[in-house]
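Undergrad: Give me the fold of what follows.
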Amino acid sequence: MSSNFRARHSVEPEISGAGVRVGIVCGRFNDHVTSRLLDGALNSLAVHGVAEDDVTLVWVPGAFEIPLAARTLAASGTVDAVVTLGAVIRGETAHFDYVAGECARGVQDAQLATGVPIVFGVLTTENLEQALARSDESDNKGEESARAALEMVAVLRELRR
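TA: Alright, predicted model coming up:
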């Protein structure tokens, strides 16, 4: 069954980083990958007009610690969005499952508890090659995550009007 139904109102605001305050929480574990994600995120924020003074960077030991730092930063009132960056690479034990799943759940819980967009830019890959592929210049998930954070700020501002 086909329909010509169209929504009367559509929320798709322009993405601009001007005046937007962004926090980045980045895990040091697997820093050969997370530093590349961070470079991508910072580049994306600059391209979209976020001022350097409006970016707060927080380093944490690893992905498991990201949700607490992200929630604390989001609740501080000093940022409009938070980008989380990390890399959890599957190994030979169940450690991957515990860290990746709890990190994702924690970030989602923090976002819903604070009402501040917290974007999940944590790679969860099967191997190092996949992590490197998702953090290079041609396909950088840090860059995508920063753009998603700016988009969510714009969307929520429009919805809250």
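Undergrad: any idea how far the residue nearest to Gly106 when sequence neighbours are not counted lies from Cys103?
TA: Closest residue to Gly106 in three dimensions, ignoring its sequence neighbours and counting by CB to CB, 6 or more residues apart in numbering: Pro67, at 2.6 Å. Glycine gets a C-beta too; all of them are placed from N, C-alpha and C. Spatial separation of Pro67 from Cys103 under the definition CB to CB, to the nearest Å is 6 Å.
Undergrad: got any residues that touch both of these two?
TA: With CB atoms under 8 Å, 6 or more residues apart in numbering applied, the overlap between the contact sets of Pro67 and Cys103 consists of Thr84.
Undergrad: contacting residues for Val20?
TA: 50, 54, 80-81, 150, 153.
Undergrad: try 10 Å
TA: The neighbours of Val20, taking CB atoms under 10 Å, 6 or more residues apart in numbering as the test, are 45, 48-51, 54-55, 79-81, 149-150, 153-154, 157.
Undergrad: And the residues you listed, which of them are buried?
TA: For the contacts of Val20, burial is judged from neighbour counts taken by 16 or more other CB atoms under 10 Å, and it is met by 45, 48, 50, 54-55, 79-81, 149-150, 153-154.
Undergrad: Show me which of those is closest to Arg8.
TA: Closest approach between these and Arg8, by CB to CB: Ala154, at 20.1 Å.
Undergrad: Check whether the residue nearest to the closest one when sequence neighbours are not counted sits in a helix, strand or coil.
TA: Using CB to CB, 6+ apart and skipping the chain neighbours, the partner closest in space to Ala154 is Pro13 (4.0 Å). In the three-state summary, Pro13 is assigned as coil, counting by DSSP: H, G, I helix; E, B strand; the rest coil.
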